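**Student:** Provide a 3D model corresponding to the input given below.
(2 chains)
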Amino acid sequence: MKITSVECTVFPATEAAAERAGSRQALIQLRTDAGLTGLAVADAEAVPAIEALVSNRLAGEDPRAAMGLWEQMIDAGTAHATRARAALDIAMWDLKAKANGEPLWKSLGGSRPRARAHLAWDRPWDRRQATDWFRRVRAETGIRSASMTAGPDAEADLAAISAIRAVLEATVPESVLMLRFEGTGRPHDVIRHVRALESHVDLACVCSPVRAGDFRGAREVGDAVRAAVCVGRGVGDVETFLPYLRHYAANVIELDIAALGISGSIQVADAAFGFELPVLLTGYPGHVPVHLFPALPTAMSVEIPCSHSSGARGSGIEFDDGRVSAGVQPGNGLYPATGEAA
Amino acid sequence: MKITGFRFETYLMKLDRPIADCNLPEGLDLLPGSILYLETDEDLTGIALGFGGGGIDALFPLIEGHDPREVTHLWLKINDYVHKLGNEGEAHAALGAIDIALWDLKAKIAGEPLWKMLGAREGRVKAYASGLDYCLDDDELFAFYRRMAELGIDGGKLKVGLDVDADMRRIGIMQDALSIASERPVLMIDANEYWSPKQAVRYIRRIEEKYDIAWVEEPARRWDYHGLNLVSRQVSAAVATGENLNSVADFYALIANQAVDVVNVAASHSGITGCRQIAHMAHAFGLPVSMMNCQANFMAHLAAALPNHVGLEVLDCGREQCLAFDSRIEDGYILLGDSPGLGVEIDQTVLARLQANPPSGRGKFPFSRREGAGRYIHPLQPGEVPWSHTGD
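**Tutor:** All right, here's what the predicted structure looks like:
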């Protein structure tokens, strides 16, 4: 099987996507001479880099060599290459699984997933909208863990997370409540913010509390608050995790397949296992990360975001009593939302 | 597809030549071998090659009836099962064998070689020569490394540890033999945990006065992260270690404490899955890995898929009498074929003959640590090795 071309279709911006900068997305369809197509979703900005990587590096290659081609793309290092190579890696693993006629979770060596999951409010806080969404999804899925994005004011965040907790009845031991920062904070601002909340709410994790690369700042936060410090969102190379591991600056590792692909996620998850660090899986269209969950030694939870992709869906995804499972159809389950793609 | 049963065969093999390190200078030429066959309901069988050990009976119920393609999940299941007593001893050997046989099956089911199943771009792996040569005289030493150099192999690892002058002479012989493959052969040495850390520093620095050594292997005990770190800081060569550890958990202290510069990985690291975990952790730390020797070089399949692999140890001492395998060495690289799975077949006729008439030979594996190790250097005794102790 050889890669022949790639087709990138930009989705129309949804209301949710329009609220976040740079969040227009594209459906990536990686074509082969075997008639199989590998699917992924990427930020629209990555499309030129995806097309360049396919024509310069991947055309004529066997996509089943995903791990080796991942290293080739790492070496290529072009602009927007992080998201581009991750999308192509996801599409190649999709092909690898389809070529074997098996779901991605089986290609990765996993058993059928029953992944723990948490709901993520990743839009600006609106009490009515948010509580309505959590109430509905809690009823549909049974999930009682959640994350929300921190705002500038700790008091407002306390009110918001208390409202989420009340809706989710998230007081049982297996519930986890997480606070996500934007990765722009200064350590002591974050420490004051988190401590103010921790007087009232038991937080399991604070995610991306400081700038990416500021491992000393992350360690400072981790030493000062009760919650675990989680880093990794948006990180697309293995090397960036090194100082966090070496300096014990992360208590939880977040694997963002939109940046790290499947290949890079396997590598970082194994490193996390060596350090006995739990891993969170960032949400992705079609809930593709669910496939990874059973193959990762220290998988903790898969993010189920409130913002949906408008152009791709995941087939076979089922929720049951707070767990999420993937289907048995070949590949990663992604399919184009027919009629919705522009 | 479901796993339905297993068979476990053991046998003895006589090597083409004796092998030794400084813990057993006189060497041995008899090794135990074992083969695990994992059977399925669809006429496909997975195999794993090992050094004996048992324990399959105890773990088999954990995988019976499962789909062998779910190998990573099954590895985690067994690893959790052995939690209390640890991934040690028989349980460790059995976990590794089961995992390898499962990966063999997973690739056979897909009809592709394991290197491709693991995502490698090509089945091609850099090799280096390793004589396990403490018992070879100078002529035999030259002949071994020259034979390897004729295959294009341009790196060699010499067993050292008890006589620094003789070791330096023999490094020169190895270098000379390899010089037809490269103007600057890569030179490595291996003391197999004989020294204490400070003994290692003195010994290695003497050697480094004359030779550029790429890495020194096991210059101190396998778990001594402080001692290994000390050696690493005080010599020019990189410190390689890890072959006698069991799993990624054992590597944690070494890697976290910067006690290893080249991570030795092996099939005995809890199978393909466990070995890959260690390599990936090393990769996150920017550390290269080197695959240890194995029958038919079958671990080259995994090495081909590792982003940080630098060289696979090739012994070529005749451990493949009952094996047919789809790989060869050319221009210094192991070239893996396209046969499904590990590409290894068992010659049942030869195996039956080895089992019916076990060969005789010298020595016994595994062997003891040598007198004086870690405390002082107990000099070589007359007749212990066939070579001169007098250095140059």
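**Student:** how about low-confidence regions in the chain?
**Tutor:** With no chain named, the answer covers chain A. Residues of chain A meeting the criterion pLDDT under 70: A:13-23, A:77-80, A:171-174, A:339-342.
**Student:** oops, chain B please
**Tutor:** Short version for chain B, where the test is pLDDT under 70: B:389-392.
**Student:** and the residue nearest the centre of it?
**Tutor:** With distances taken as Cα atoms, centre = their mean, the residue of chain B nearest its centroid is residue B:292 (2.6 Å).
**Student:** measure it to chain A for me?
**Tutor:** 19 Å (Cβ to the nearest Cβ, to the nearest Å). C-betas here are computed from N, CA, C, even on glycine.
**Student:** is it correct that that residue is in contact with residue B:264?
**Tutor:** Yes - contact status for residue B:292 versus residue B:264: in contact at 5.7 Å, counting by Cβ atoms under 8 Å.
**Student:** where do the contact lists of the two overlap?
**Tutor:** residue B:243 (Cβ atoms under 8 Å, 6 or more residues apart in numbering or on different chains).
**Student:** beta partners for residue B:19?
**Tutor:** residue B:28 (DSSP bridges).
**Student:** run a quick neighbour tally on it.
**Tutor:** Using other Cβ atoms under 10 Å in any protein chain shown, residue B:19 is surrounded by 26 other residues.
**Student:** next, the contact list for it, please.
**Tutor:** Here residue B:19 is in contact with B:27-29, B:131-133, B:135, B:315, B:317 (Cβ under 8 Å, 6+ apart).
**Student:** can we see that at 10 Å?
**Tutor:** Applying Cβ atoms under 10 Å, 6 or more residues apart in numbering or on different chains to residue B:19 gives the contacts B:27-29, B:31, B:130-136, B:159, B:293, B:315, B:317-319, B:363, B:365.
**Student:** can you check residue B:356 too?
**Tutor:** Applying Cβ under 10 Å, 6+ apart to residue B:356 gives the contacts residue B:11.
**Student:** contacting residues around residue 121?
**Tutor:** If you meant another chain, say so; for now it's chain A. A:129-131, A:133-134, A:146-149, A:160-161, A:164, A:180, A:305-307.
**Student:** look at chain B instead
**Tutor:** Taking Cβ under 10 Å, 6+ apart as the contact definition, residue B:121 lies against A:61-62, A:64-72, B:115, B:304-305.
**Student:** and of those, the nearest to residue B:2?
**Tutor:** Of all these, residue A:64 has the smallest distance to residue B:2: 24.6 Å, by Cβ to Cβ.
**Student:** doesn't the closest one fall inside a helix?
**Tutor:** Yes - counting by DSSP: H, G, I helix; E, B strand; the rest coil, residue A:64 is part of a helix.
**Student:** which residues of the stretch 201-350 of chain B lie near chain A?
**Tutor:** B:247-252, B:255-258, B:272-274, B:276-287, B:304-308 (Cβ under 10 Å from any Cβ of the partner chain).
**Student:** now, of these, which are buried?
**Tutor:** B:247-252, B:255-256, B:258, B:272-274, B:276-285, B:287, B:304-308 (16 or more other Cβ atoms under 10 Å in any protein chain shown).
**Student:** do I have it right that residue B:114 meets residue B:276?
**Tutor:** No - Residue B:114 is beyond contact range of residue B:276, at 11.6 Å (criterion: Cβ atoms under 10 Å).
**Student:** spit out the residues that contact those two alike.
**Tutor:** Common neighbours of residue B:114 and residue B:276 (Cβ under 10 Å, 6+ apart) are B:103, B:302, B:305.
**Student:** in the strand or helix carrying the first one, what counts as buried?
**Tutor:** Per DSSP states H and E: residue B:103 is located in helix B:89-110. By neighbour count, and taking 16+ other Cβ under 10 Å as the criterion, the buried residues in helix B:89-110 are B:90-110.
**Student:** do the same with stretch B:171-183
**Tutor:** So for stretch B:171-183, counting by 16+ other Cβ under 10 Å, buried means B:171, B:173-175, B:177-178, B:181.
**Student:** of those residues, which are in range of chain A?
**Tutor:** Among those, no residue is within reach of chain A (Cβ under 10 Å from any Cβ).
**Student:** turn those into CSV, including secondary structure and distance to residue A:225.
**Tutor:** As requested, these are exported to CSV (DSSP: H, G, I helix; E, B strand; the rest coil; distance: Cβ to Cβ, whole Å):
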residue, secondary structure, distance to residue A:225
B:171, helix, 55
B:173, helix, 61
B:174, helix, 56
B:175, helix, 57
B:177, helix, 61
B:178, helix, 57
B:181, coil, 57
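**Student:** interface residues of the stretch 51-200 of chain A facing chain B?
**Tutor:** Within the stretch 51-200 of chain A, the positions near chain B by Cβ under 10 Å from any Cβ are A:61-72, A:74-75, A:89, A:92-93, A:96, A:99-102, A:105-113.
**Student:** can you rerun that using 8 Å?
**Tutor:** A:61-62, A:64-72, A:74, A:96, A:99-100, A:102, A:106-111 (Cβ under 8 Å from any Cβ of the partner chain).
**Student:** so how many other residues sit close to residue A:133?
**Tutor:** Residues lying near residue A:133 (other Cβ under 10 Å) number 17.
**Student:** does it touch residue A:305 like I think?
**Tutor:** No - here residue A:133 does not reach residue A:305: they are 10.6 Å apart, not a contact under Cβ under 8 Å.
**Student:** circling back: need the buried residues of stretch B:171-183 in CSV with distance to residue A:271, can you?
**Tutor:** Below are the buried residues of stretch B:171-183 laid out as CSV (distance: Cβ to Cβ, whole Å):
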residue, distance to residue A:271
B:171, 35
B:173, 40
B:174, 35
B:175, 36
B:177, 39
B:178, 35
B:181, 35
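**Student:** and those, which is closest to chain A?
**Tutor:** Set against chain A, the nearest of the buried residues of stretch B:171-183 by Cβ to the nearest Cβ is residue B:181 (25.6 Å).
**Student:** what separation do you get for the most centrally placed residue in chain A and chain B?
**Tutor:** Central residue of chain A (Cα atoms, centre = their mean): residue A:282, 2.0 Å from the mean position. Residue A:282 sits 18 Å away from chain B, going by Cβ to the nearest Cβ.
**Student:** test my guess that that residue contacts residue A:289.
**Tutor:** Yes - the criterion here is Cβ under 8 Å, and residue A:282 meets it with residue A:289 at 6.9 Å.
**Student:** now for those two: what residues contact both?
**Tutor:** In contact with both residue A:282 and residue A:289: A:255, A:257, A:303, using Cβ under 8 Å, 6+ apart.
**Student:** adding secondary structure and distance to chain B as columns, could you present these in TSV?
**Tutor:** Below are these laid out as TSV (DSSP: H, G, I helix; E, B strand; the rest coil; distance: Cβ to the nearest Cβ, whole Å):
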residue	secondary structure	distance to chain B
A:255	strand	12
A:257	helix	15
A:303	strand	22
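**Student:** between those, which sits nearest residue A:47?
**Tutor:** For the shared contacts of residue A:282 and residue A:289, the nearest to residue A:47 is residue A:257 (18.0 Å; Cβ to Cβ).
**Student:** so who does the closest one touch?
**Tutor:** Counting by Cβ under 8 Å, 6+ apart, residue A:257 has contacts A:86, A:90, A:265, A:281-282, A:284, A:288-289, A:292.
**Student:** now with 10 Å?
**Tutor:** Residue A:257 neighbours (Cβ under 10 Å, 6+ apart): A:40, A:86-87, A:89-90, A:93, A:236, A:263-265, A:281-284, A:288-289, A:291-292, A:332.
**Student:** what of residue B:162?
**Tutor:** Taking Cβ under 10 Å, 6+ apart as the test, what residue B:162 contacts is B:22-23, B:25, B:134, B:191, B:194-195, B:203, B:370, B:372-373, B:377-380, B:384-385, B:389.
**Student:** fine, thanks again, bye for now.
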